[in-house]
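pasting the sequence and the predicted model now:
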Amino acid sequence: MIADSSCEAPPRESEPPFSGEPQDGILCDIELPLRKSFYPLGYSVEILTNEAKVLAAAEESFGHARFTREATGLEIRVGVVDHAGACCPLEPARQAFGPFFSLVADQENQALLDLSTGRNFIKLTGAAAENRCYLRSNFLEKAVYLLLGASVVTDIHAACVGKNGKGILLCGESGAGKSTLAYACARAGWTLTSDDTSYLVNDSGAPRGGDPGAPRVIGHCHRVRFRPSARALFPELEGYAVTPRMEGKPSIEVPTSELPVERVAEEAAVETVVFLSRRQGARGELTRLPIGSAVERIGQGLFSTGEIRARHEKKLAILCNVPAYELHYETLGEGICALDELASDG
């Protein structure tokens, strides 16, 4: 963090430029004695902090996952400073410049990430650390998935469900119905991998023994997040509280273990890509799209920027030969029937 020195007088020539004392404004010397390893998306990540509440929040976000992939060497550093009477801050503003990414709520609550090296630091007040939902959504999860997305996965705006061993990516703009259709499929016996964001494994789809493997995605199959309006579609959501999320989107977050979902899978092989077009009067019709169009359309909705985005655009090429369709539907039942057709075809 960069301290504001605009009101400080420059040191006299007789003074040494540095006093050797800790620079509290930058927190370069803060001790982080607490540490614990977590496995988001199956990758090993270690969180270092001076506040036990940070590790408790990380347990809620990542404690469901086990080590299944590789050690990343990634360390997330979170320093908490005590400011009596401070209130929980607003959502942080985001800025990107080259490989650097910042999250800034105010002077005392901010994060700086170097996406090229993985180096990072998160500085928070006690009030921010106390609000577990705020800490998870705005800083912990954001930092972890940004840094994993800069190294081992490509995060794409898509849900993922599967049936008969065939994974289907459900793509579309915000509000297209990805989460509700994915959950409706899961209630109908499909396997749920992700409700909104899927992480394309960068080294999947590579040739194996002469044949390319299927592109694979990882998802947050342990929970589903809904818009509050989903209560009208799914009565089982009554009684669950609405919580604020990143970018001002209120949501209902529910563990899949508490929902009528029988099958979940952390990972799926992508056999088909479907772009959702929900509109009044549509009747569950599938239209085949030209080969390669999925890569272009998914690329337009990438979360990343700059060099990382360019790298992600190249990684999307592993989806080039995956069949793609556009699904026009109005009701969830019509959508599920159309997807059943794809899952049973061939």
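Nice, thanks for sending it over. Remember, it's a predicted structure, so these values are computed and weren't measured experimentally.

what residues of the strand or helix carrying Glu60 count as buried?
Under the criterion of DSSP states H and E, Glu60 resides in helix 52-62. Of all the residues in helix 52-62, those buried under the rule 16 or more other Cβ atoms under 10 Å are Lys53, Val54, Leu55, Ala57, Ala58, Ser61, Phe62. Every residue, glycine included, has its C-beta placed from N, CA and C.

what do you get for stretch 176-189?
Applying a neighbour-count criterion of 16+ other Cβ under 10 Å, one finds 176-188 buried in stretch 176-189.

cool, and stretch 309-327?
Neighbour counts over stretch 309-327 (16+ other Cβ under 10 Å) mark His312, Glu313, Lys315, Leu316, Ile318, Leu319, Val322, Ala324, Tyr325, Glu326, Leu327 as buried.

in contact with the fourth one, which residues?
The one in question is Leu316. Contact partners of Leu316, counting by Cβ atoms under 8 Å, 6 or more residues apart in numbering, are Thr154, Ile156, Leu200, Val295, Ile298, Gly299.

could you dump the buried residues of helix 52-62 into a markdown table and include distance to Ser44 and pLDDT?
Written out in a markdown table, the entries for the buried residues of helix 52-62 read as follows (distance: Cβ to Cβ, whole Å; pLDDT from 0 to 100):
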| residue | distance to Ser44 | pLDDT |
| --- | --- | --- |
| Lys53 | 22 | 96 |
| Val54 | 18 | 97 |
| Leu55 | 16 | 98 |
| Ala57 | 19 | 97 |
| Ala58 | 13 | 97 |
| Ser61 | 15 | 94 |
| Phe62 | 11 | 96 |
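
tell me the two of the residues you listed that are most distant?
Every pair in the buried residues of helix 52-62 was compared (Cβ to Cβ); the two farthest apart turn out to be Lys53 and Phe62, at 15.0 Å.

OK, contacts around Gly98?
Taking Cβ under 8 Å, 6+ apart as the definition of contact, the neighbours of Gly98 are Gly306, Glu307.

redo that, cut-off 7 Å
Applying Cβ atoms under 7 Å, 6 or more residues apart in numbering, we find Gly98 in contact with Gly306.

how close does it get to Leu146?
From Gly98 over to Leu146 the distance is 14 Å, taken as Cβ to Cβ, to the nearest Å.

now do Thr49
Taken as Cβ to Cβ, the spacing of Thr49 relative to Leu146 amounts to 18 Å.

now do Arg132
20 Å.

those two: who's more crowded?
More neighbours sit around Leu146 than around the other of Arg132 and Leu146, counting by other Cβ atoms under 10 Å; the figures are 21 against 17.

check whether that one really touches Leu112, as I assumed.
No - contact status for Leu146 versus Leu112: not in contact, 11.5 Å apart, counting by Cβ atoms under 7 Å.

now Ala338. Nearest residue, chain neighbours left out?
With sequence-adjacent residues excluded and distances taken as Cβ to Cβ, 6 or more residues apart in numbering, Ala338 is closest to Gly284, at 4.3 Å.

my read is that that neighbour contacts Asp340, right?
No - using Cβ under 7 Å, Gly284 makes no contact with Asp340, being 9.9 Å away.

residues making contact with the helix or strand hosting Leu327?
Take DSSP H and E as the rule and Leu327 turns out to sit in strand 324-329. The contact list for strand 324-329, computed with Cβ under 7 Å, 6+ apart, reads 272-279, 282, 284-289, 293-294, 335, 338.

neighbours around Gly73, how many?
As a burial measure, the neighbour count of Gly73 was computed by other Cβ under 10 Å and equals 10.

check Gly126 too.
Other residues near Gly126 come to 16 when the count uses other Cβ under 10 Å.

got a pLDDT number for it?
Reading off the confidence values, Gly126 has pLDDT 93.

now do the contacts for the closest residue to Tyr145 other than its chain neighbours.
Leaving out its chain neighbours, the residue that sits closest to Tyr145 by Cβ to Cβ, 6+ apart is Asp155, at 6.4 Å. Under the criterion of Cβ under 7 Å, 6+ apart, the contact partners of Asp155 comprise Tyr145, Gly149, Thr197, Tyr199, Phe303.

gap between Asp155 and Pro235?
Counting by Cβ to Cβ, the gap from Asp155 to Pro235 is 32 Å.

go on, Cys87?
Per Cβ to Cβ, Cys87 is found 36 Å from Pro235.

looks like Leu339 contacts Ala184 (just checking).
No - with contacts defined as Cβ under 7 Å, Leu339 does not count as touching Ala184, sitting 9.8 Å away.

who touches both of the two?
With contacts taken as Cβ under 7 Å, 6+ apart, not a single residue reaches both Leu339 and Ala184.

for the chain, what spans make up the helices?
Using DSSP state H, the helices of the chain run over residues 52-62, 126-130, 132-135, 141-149, 178-187, 293-300, 306-315, 332-344.

I appreciate the help and will end here.
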